[in-house]
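Asker: Build me a structure from this.
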Amino acid sequence: MIKFIWLLFFPLSFLQLEPQYFFRISTDFVIKAKSPAGEQSLTVGRLFYDKNIKQIVYELSFPEKETWVQKDTTLYKIANSKITEKQQIPAGIDFSIYNLALNGNLADYGLKKTRFKITKVEKSDGAVLSTWEPTEESKKFLGDIIVSNTNQQLNGIVFKNSKGEVASRQFFRNYIKVKGLLFPMEVIKETYINGQKEYEITTFKNILINDLSGDSRYDYKIPSH
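Answerer: Have a look, this model is predicted:
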């Protein structure tokens, strides 16, 4: 009887769990990089990303205190409330791992929502490899993208240029689940420039999901000059 009365007030539709909505991520990060010439660098800090605001904010603590903000395909370096440098970067916010993970598109690197199409799927050493081909008009400057998944998790991606040569590749390792969101704790990136390799490894820790504190750190106001 009690169960019947409870159901009158709380219908079955109430019991159906809504999918989790992820909109914010913040995490400590360490980036170790090595240039083709052998020069090494270390960058340490914390980043903040809100997919509704669509800008990645890096608060650096090493090698010096400054703020980096990526908006669209521009990276702003800011110190003492002034822009000290602007850089153009090839990949926009939509294809950052933070945006892809929050939107549930990391497994296919967001390619399902692009004009790339799958031309081949095969298995290799327990991984599923899918080859994505650009449109005919894009083949003048883009090549195939090969995505590797294990247990429906992205573990690697290879980008080729229009000549079919490997331009860059990334590896995603040590996934953990935070409030239901899967995120890799280590990302390795290799970029090939004139036959030489640039190497970068990023590690994460202290991840927060849907953090409601510190709104200004997510919605950082870029100086006008």
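
Asker: Closest to the centroid, which residue in the chain?
Answerer: Nearest to the mean C-alpha position of the chain, counting by C-alpha atoms, centre = their mean, stands residue 97 at 0.9 Å.

Asker: show me what contacts that residue?
Answerer: Residues counted as contacts of residue 97 (C-beta atoms under 8 Å, 6 or more residues apart in numbering) are 106, 172, 183-184, 187. Backbone N, C-alpha and C define where each C-beta goes, glycine included.

Asker: Show me which of those residues are buried.
Answerer: Among these, those buried by neighbour count (16 or more other C-beta atoms under 10 Å) are 106, 172, 183-184, 187.

Asker: rewinding a little: could you dump the contacts of residue 97 to a markdown table with secondary structure, pLDDT and distance to residue 41?
Answerer: Output for these, formatted as a markdown table (DSSP: H, G, I helix; E, B strand; the rest coil; pLDDT from 0 to 100; distance: C-beta to C-beta, whole Å):
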| residue | secondary structure | pLDDT | distance to residue 41 |
| --- | --- | --- | --- |
| 106 | coil | 97 | 26 |
| 172 | strand | 98 | 22 |
| 183 | strand | 98 | 24 |
| 184 | strand | 98 | 22 |
| 187 | strand | 98 | 16 |
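
Asker: Out of the residues you listed, which comes closest to residue 194?
Answerer: The shortest approach to residue 194 among the contacts of residue 97 belongs to residue 187, at 23.7 Å (C-beta to C-beta).

Asker: Give me the nearest residue to that closest one, chain neighbours excluded.
Answerer: Excluding the flanking residues, the one nearest residue 187 by C-beta to C-beta, 6 or more residues apart in numbering is residue 202, at 4.7 Å.

Asker: Pull the contacting residues for that neighbour.
Answerer: Contacts of residue 202 (C-beta under 8 Å, 6+ apart): 29-32, 186-189.

Asker: What helix or strand is it located in?
Answerer: strand 196-209 (DSSP states H and E).

Asker: Let me see the mean pLDDT of that strand.
Answerer: On average, the pLDDT along strand 196-209 is 96.

Asker: Okay, now the sheet partners of that strand, with direction.
Answerer: According to DSSP bridges, strand 196-209 forms sheet pairs with strand 24-34 (antiparallel), strand 181-193 (antiparallel).

Asker: how far is the shortest one from where the chain is centred?
Answerer: I take that to be strand 24-34. Centroid displacement of strand 24-34 relative to its chain, using C-alpha atoms, centre = their mean, to the nearest Å, is 11 Å.

Asker: and if you look at stretch 53-71?
Answerer: 15 Å.

Asker: Quick check, pLDDT for residue 12.
Answerer: Looking at residue 12, the pLDDT reads 42.

Asker: correction: residue 51
Answerer: pLDDT, residue 51: 97.

Asker: and the gap between residue 224 and residue 218?
Answerer: Look at residue 224 and residue 218: by C-beta to C-beta, to the nearest Å, they are 20 Å apart.
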